[in-house]
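Undergrad: Sequence first, then the predicted structure:
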Amino acid sequence: MKKRWIGYAAWVLLAACLYFFENNTGTRTVLIGSLLFPLIPFLRTAFFAGDDPVREETARPQTVRAFVNQETDDPGDVRLYRPGDPIRRIHWKLSAKKNEWLVRETATEEEPVETEQTAVSDGSGRKRILRKRLLWISAGWMAMCVLLLWLVPEARRGIQALCNRVYSASEAVNAYAYDYFPVPEGQSVTVAVLLMAAALFALAAQMLLLRSRAMALGITAAITFFQVYFGLPLPAWANILVYGSFALWMIRRPVDRITALFCIAAILLTALLVTLLFPGVDAGTEAASENVRDRLSRMAQQLTGAIEELPEGETETRHVHTQSLQPGQSEAQADREYRLVTVEEEQISMPRFFNWIKTILLFLLVIFLVLVPFAPFLLLNARKKKAQEERQAFASENVSEAVCAIFRQVITWLKETGHDGGNLLYQDWTDALPGSMPDGYAARFSACARDYEEAAYSSHDLPEEKRRLALSLLKETETALLKTADWKQRLRIRYWMCLCE
Amino acid sequence: MLFSLLGEVTGLMQSQLESVIRETEKVIIGKRTVIEKILMTLLAEGHVLLNDVPGVGKTTLAVALSRAVGLAFQRVQFTPDVLPSDLVGFSMYDKNSGEFVYRPGAISHANLLLGDEINRATSKTQSALLEAMEERQVTVDGKTYPTERPFIVIATENSVGTAGTQFLPYAQLDRFLVRLSLGYPDYEAQMTMLRDRQAENPLDSVACVMEKDELIALQREVRAVTVKDAVLDYITRLTMASRAHEAVEVGISPRGALFLNRMAKAGAYLDGRDYVTGGDVQAVFKDVCAHRVLLKENAREASVEQVLEELLKKVENPDRKGLFPGIKK
């Protein structure tokens, strides 16, 4: 449970970091995808609370070793005793009946038959061991590949060459300047690619064997980071595919039909939102999403009523943006302009987007402010009512009830003045009593505590005299405490007394 | 009128129980609390497991008690070759009459059965005994024979010299109402004991001060002791807290809760009250529950007593919780 929350918190943190990266790359695909991704299992647990498959998996029911041992009482299986037959094969009952020694023929000679259950449990045990071994092997493989990539000069240069290719691709799209690795021209990347493929294969094996959610999270994070850092976003549909499949991976097993349907619906919804709201650099859907975004912000404005004066140039910049994609211009130049435009857009449209949250917070604040002044009155009334009810019980016809109430009042005084006996029975509170009490108070207190126990736990009523005793103890406690207590405690007692009147 | 009558009756019973304790104390000196607890178990219709070193007077105690209360006493010394049929009896084929004849075992005629060193018996024998304890009947060849009434088992378990013993399984430990230990006598008690045994065996001087039927009547009265919901709530919370405690593998069973209730009732009755308080529950909690709690492997350094102590401190007592008449929650 705890772990899951830590996971979510980490994911939210990551998403926040991604937002800053995205300011530099101009794509929202990743952000929204990463936000919705952990929501899927979360919603799933919210809607279908219950079984935890991880626990289910570890708490595999222990199969019972059951033997089938059939008792054959069929007289056909017995024969006459011959010297040399083992005694345990004598059929005692039949022997007694027939008055001659009879021996079982075959029935008990059979080996105990193992039921299917045992076979199954053994099989799964073997499978588990195999899985464990495979895990270690694949982990070792992966470590070896990574080590080789680092140590073998040929492989290292290959990796660097690959990185250079990514940089140049990124540059072609985003016009960034990277520090290229100093690698000779025409460096072969075959070794590096082979080693990387081997490492990825081991990773995939690990994932399949481990079914670890942490690993799924890590890999999606890596993919996300790659996209954002290099500004080489996959197309929206590919992202949906990637995140959707990892979300499916994260979903708890075993999956029932409703869950599966729910997940598919959630993924489709994510896809729809991502495509409509945040299409990234995909120019084809830009117009449609712009429409939706405009409508949403207008709605927000209508709801809050606070229509902000938008800069006049805002709509124009978008025109500029569409114009800049016209053919004839060089691609790099178009991209550079696009980036500038998107940065401006972010700055303009962000506050509008957060108006929703602002409205909700304001609403909550108003409710809070309205309620605060009334809170003391509400509290005071409840206390007063309770105190008065207890006082009324002092004069109750039922003496048990009265003794209970009176003694509890004594206990309340003691508690209020800091002489709390804690989780001790009231009988044993005598040690916690203040030392400044009059002589013999402890004895009277414990006598009254006994009466209280009788009143509280027995089914018969107490004699009237007990009420008088309890009331005198209460009076004594009040006067003694008022005499010795400091001003704060005295104030508190007075306050309680006020409440009771 | 009613109060005084009730008080008188209770007082009468009280003096009788007191005299039983006095008679038993003639033989076991300075162990009043243990004797009281065993008497409470007798009243609560439970069974006792005595866990002790050899030679502190477990057998003597059982014999003295059985004489004082006038119970039929049987003793079984458990060894690995004691069979279930020795306890519950068996059917033997009588060749002359051609019929099976039931030969009763040790359980059949006993009110008080002392099972010495029960952990030396095989598990088969243990379970035969424990079935008789639970059901208060023995079944041999499909025929059921009820045990004598009252029927109480005092089983002993040596805590030293455990070579070749079988520990009582948890499920069977659970059937004993209390696990007690006598412990060594102090200086004074041992001196008195040595002085007393110069001339004669003090066991002979134990007089029968209570009849079997009276004990049954007492048991009926103990059953009628009032237990308010506040106390039941306390018992429930205590047992549930024991199950939730992080150092505990197996907590107190529902049967443990039932036994706790019964023992608390007996304690209250012995104290001369007809109602159970939180104090009664606390007084018997450790004796009733110590053998029902299994600690986790990694929590061996904490003892069961410590855990139970902690529970008593932690779980809000019924006085403090305050579910009482006239108090609206």
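TA: Arrived safely, thanks for sending.
Undergrad: so what does the helix or strand harbouring residue A:195 touch, helix or strand wise?
TA: Using DSSP states H and E, residue A:195 sits in helix A:190-210. Under the contact definition 3 or more CB pairs under 8 Å, 6 or more residues apart in numbering or on different chains; DSSP states H and E, helix A:190-210 sits against helix A:116-151, helix A:153-174, helix A:213-230. The C-beta positions use only the backbone N, C-alpha and C, and glycine is treated the same way.
Undergrad: Quick check: buried residues in that helix?
TA: Buried positions in helix A:190-210, judged by neighbour count with 16 or more other CB atoms under 10 Å in any protein chain shown: A:191, A:192, A:195, A:196, A:198, A:199, A:202, A:203, A:205, A:206, A:209.
Undergrad: And stretch B:279-294, by the same measure?
TA: Neighbour-count burial for stretch B:279-294 [16+ other CB under 10 Å]: B:279-293.
Undergrad: ok, so of these, who is nearest chain A?
TA: Taking CB to the nearest CB as the measure, chain A sits nearest to residue B:279 out of these, at 5.2 Å.
Undergrad: Excluding chain neighbours, give the residue nearest to the closest one in space.
TA: residue A:425 (5.2 Å; CB to CB, 6 or more residues apart in numbering or on different chains).
Undergrad: what about the one you found, neighbour count?
TA: Look at residue A:425: counted by other CB atoms under 10 Å in any protein chain shown, it has 18 neighbours.
Undergrad: wait, isn't it in contact with residue B:278?
TA: Yes - counting by CB atoms under 8 Å, residue A:425 does reach residue B:278; the two are 5.4 Å apart.
Undergrad: who touches both of these two?
TA: Residues within reach of residue A:425 and of residue B:278 at once, by CB atoms under 8 Å, 6 or more residues apart in numbering or on different chains, are B:317, B:319.
Undergrad: per-residue confidence for residue 201?
TA: As the question left the chain open, I've gone with chain A. We have a pLDDT of 88 for residue A:201.
Undergrad: Wait, chain B was what I had in mind.
TA: We have a pLDDT of 81 for residue B:201.
Undergrad: Next up, the contacts around it.
TA: Per CB under 8 Å, 6+ apart, neighbours of residue B:201: none.
Undergrad: for residue A:469, same thing?
TA: A:444, A:447, A:448, A:451.
Undergrad: just these now: which is nearest chain B?
TA: Nearest to chain B among those, with distances taken as CB to the nearest CB, is residue A:451, at 11.8 Å.
Undergrad: so who does that closest one touch?
TA: A:403, A:407, A:462, A:466, A:469, A:470.
Undergrad: Get me the contact residues on chain A for chain B.
TA: Within reach of chain B by CB under 8 Å from any CB of the partner chain, chain A has these residues: A:96, A:386, A:389-390, A:393, A:396, A:398, A:400-402, A:404-405, A:408, A:423-427, A:452-460, A:463.
Undergrad: before we move on, back to that, the helices and strands packed on helix A:190-210: lowest mean pLDDT?
TA: Note on those: helix A:213-230 shows the lowest mean pLDDT, a mean of 68.
Undergrad: which of the residues of chain A next to chain B are buried?
TA: A:390, A:393, A:396, A:400-402, A:404-405, A:408, A:424-427, A:452-458.
Undergrad: And the closest residue to chain A within the stretch 1-150 of chain B, what's its pLDDT?
TA: In the stretch 1-150 of chain B, the residue that lies nearest chain A is residue B:93 (6.5 Å; CB to the nearest CB). We have a pLDDT of 84 for residue B:93.
Undergrad: what packs against the helix or strand where residue A:494 lies?
TA: Here residue A:494, judged by DSSP H and E, is contained in helix A:487-500. For helix A:487-500, the helices and strands in contact under the criterion 3+ CB pairs under 8 Å, 6+ apart are helix A:375-394, helix A:399-416, helix A:464-484.
Undergrad: rewinding a little: show me what the helix holding residue A:195 is in contact with.
TA: By CB under 8 Å, 6+ apart, the residues outside helix A:190-210 that reach it are A:131, A:134-135, A:138-139, A:141-142, A:145-146, A:148-149, A:152, A:154-159, A:161-162, A:212, A:215-216, A:219, A:249.
Undergrad: which stretches of chain B aren't confidently modelled?
TA: For chain B, the stretches with pLDDT under 70 are B:1-11, B:159-164, B:300, B:322-329.
Undergrad: Give the burial count for residue B:308, as a bare number.
TA: A count of nearby residues for residue B:308, using other CB under 10 Å, gives 23.
Undergrad: Contacts only, for it.
TA: Counting by CB under 8 Å, 6+ apart, residue B:308 touches B:242, B:285, B:286, B:289, B:290, B:293.
Undergrad: before we move on, what about residue B:302?
TA: Residue B:302 neighbours (CB under 8 Å, 6+ apart): B:247, B:295.
Undergrad: quick one on the thing from earlier: and the helix holding residue A:494 with helix A:399-416, angle?
TA: 150 degrees (axes from the mean of the first three to the mean of the last three CA atoms, to 10 degrees).
Undergrad: returning to that earlier point: worst mean pLDDT among the helices and strands packed on helix A:487-500?
TA: Among the helices and strands packed on helix A:487-500, helix A:375-394 has the lowest mean pLDDT, at a mean of 70.
Undergrad: Okay, and the beta partners of the spatially most central residue of chain B?
TA: With distances taken as CA atoms, centre = their mean, residue B:48 lies nearest the centre of chain B, 3.0 Å away. Assessed by DSSP bridges, residue B:48 has beta-bridge partners residue B:154, residue B:178.
Undergrad: Would you mind listing which of the contacts of residue A:469 are buried?
TA: For the contacts of residue A:469, buried by 16+ other CB under 10 Å: A:444, A:448, A:451.
Undergrad: Now, those that are in helices?
TA: A:444, A:448, A:451 (DSSP state H).
Undergrad: possible to save those residues as TSV with pLDDT?
TA: As requested, those are arranged in TSV below (pLDDT from 0 to 100):
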residue	pLDDT
A:444	88
A:448	90
A:451	89
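Undergrad: which residues touch stretch A:155-167?
TA: A:148-150, A:176, A:178, A:180-181, A:183-184, A:187-193, A:195-196, A:230, A:232.
Undergrad: Just list the residues touching residue B:69, thanks.
TA: Going by CB under 8 Å, 6+ apart, residue B:69 touches B:20, B:42, B:112, B:208, B:209, B:210, B:212, B:215.
Undergrad: quick one, domains of chain A?
TA: Domain ranges of chain A: A:2-57+A:129-281, A:75-108, A:287-372, A:395-500, per automatic domain parsing.
Undergrad: which stretch in these has the least confidence?
TA: Mean pLDDT is lowest for domain A:287-372 out of these, coming in at a mean of 57.
Undergrad: Now do the SS call for residue A:103.
TA: strand (DSSP: H, G, I helix; E, B strand; the rest coil).
Undergrad: thought it was touching residue A:90?
TA: Yes - taking contacts as CB under 8 Å, residue A:103 lies within contact range of residue A:90: 5.7 Å.
Undergrad: For residue A:486, the count of nearby residues, please.
TA: 9.
Undergrad: Go through the helix or strand harbouring residue B:312 and flag the buried ones.
TA: If you go by DSSP H and E, residue B:312 is part of helix B:304-314. Across helix B:304-314, burial judged by 16+ other CB under 10 Å covers B:304, B:307, B:308, B:311, B:312.
Undergrad: dump the residue contacts of the residue in the stretch 1-150 of chain A that chain B sits nearest to.
TA: The minimum distance from the stretch 1-150 of chain A to chain B, using CB to the nearest CB, falls at residue A:96 (6.5 Å). Neighbour list for residue A:96: residue B:93 [criterion: CB under 8 Å, 6+ apart].
Undergrad: Quick check: buried residues in the helix or strand harbouring it?
TA: Element membership for residue A:96, per DSSP H and E: helix A:92-98. Using 16+ other CB under 10 Å as the test for burial, helix A:92-98 gives residue A:94.
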